[in-house]
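1. Fold the stuff below for me.
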Amino acid sequence: MSDEPIRRRGLMLAISSPSGAGKTTIARALLAAESELSMSVSATTRPKRPGETEGVDYYFIDREAFGLRINQGYFLEHARVFDHFYGTPKGPVEAALAAGRDMLFDIDWQGTQQIYEQAREDLVRVFVLPPSTMELERRLRRRAQDSDEVVARRMSEAAAEMSHWQEYEYVIVNREIEASIAQVRAILAAERLKRGRQLGLGDFVKALREQR
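-> Down below sits the predicted model:
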């Protein structure tokens, strides 16, 4: 028998949570630990910031081009955030999945819902909850990135965001970050082994049965 791994189709892993619950920390750890996982690169209409690289941080396009691409069905999901638009191009994601690579999305429930409407068979959804609202507020304040007003707004938004937990296949409570990272890695490992994603499994089993 061949020692080559069984061909598989990649998957999209979407991680959502209220701000401060830990999804970005988990996402960074996954990218560092999982060689077959890449972060999805979004397109945006906001100006490029110092140190950012086209095609690595974002694809930078103007509003007219962004609007045209929405009409052309170019994006898996898109949204307006304050004064700028953001969206996930389909092409690079489809190419990665076809090559057996997985794509990671650090994304809110609305973006996850849009992707689900277009590509539900390829999407794995994980929602991260804080252990308590008190702990969520403590984590937001510990970051020391936001004013009291912003923290209050994020706490107000958290209840609405957490109400969407039932739309996700997997829900974890982030009590301890290393345990939460391990749980998401276990989800990823199990989803990669699903029969429908192992494209070469039929040929592999056929060859096994024909062995003498």
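2. Kindly state the beta-bridge partners for Phe105.
-> Ala14 (DSSP bridges).
3. For my notes, confirm Val171 occurs in a strand.
-> Yes: secondary structure assignment places Val171 in a strand (DSSP: H, G, I helix; E, B strand; the rest coil).
4. How many neighbouring residues does it have?
-> The number of residues packed around Val171, counting by other CB atoms under 10 Å, is 13. For glycine as for every other residue, the C-beta is placed from the backbone atoms N, C-alpha and C.
5. and the gap between the closest residue to it other than its chain neighbours and Val173?
-> Nearest residue to Val171, sequence neighbours excluded (CB to CB, 6 or more residues apart in numbering): Phe127, at 4.8 Å. Plainly put, Phe127 is 10 Å away from Val173 if you go by CB to CB, to the nearest Å.
6. what about those two, which has more around it?
-> Using other CB under 10 Å, the more surrounded residue of Phe127 and Val173 is Phe127, with 25 against 15.
7. And for stretch 50-60, what's in contact with it?
-> 41-48, 89 (CB atoms under 8 Å, 6 or more residues apart in numbering).
8. do that again at 6 Å, thanks
-> Applying CB atoms under 6 Å, 6 or more residues apart in numbering, the external contacts of stretch 50-60 come out as 42-44, 48.
9. What of stretch 107-123?
-> 11-12, 14, 16, 76-77, 97, 125, 164.
10. filter those residues to the buried ones?
-> Neighbour counting by 16 or more other CB atoms under 10 Å classes 11-12, 14, 16, 76-77, 97, 125, 164 among the contacts of stretch 107-123 as buried.
11. Of all pairs in those residues, which one is the farthest apart?
-> Maximum pairwise distance among those (CB to CB): 24.5 Å, between Leu97 and His164.
12. Relative to the whole chain's centre, how far out is stretch 198-205?
-> Remark: stretch 198-205 is offset 27 Å from the chain centroid, using CA atoms, centre = their mean, to the nearest Å.
13. follow-up on the earlier one: beta partners for the residue nearest to Val171?
-> Ser16, Val171.
14. residues touching it, list them.
-> Under the contact definition (CB under 6 Å, 6+ apart), the residues listed for Phe127 are 16, 165, 168, 171.
15. Mind putting the residues you listed into CSV with distance to Ala189 and pLDDT?
-> Putting these into CSV (distance: CB to CB, whole Å; pLDDT from 0 to 100) gives the following:
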residue, distance to Ala189, pLDDT
Ser16, 20, 95
Trp165, 22, 96
Tyr168, 18, 98
Val171, 18, 98
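16. As CSV, those with distance to Phe204 would be great.
-> CSV is the format used below for those (distance: CB to CB, whole Å):
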residue, distance to Phe204
Ser16, 35
Trp165, 37
Tyr168, 32
Val171, 33
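17. Next, give me the two most distant ones among those residues.
-> Every pair of the contacts of Phe127 checked by CB to CB; the farthest is Ser16 and Val171, at 10.1 Å.
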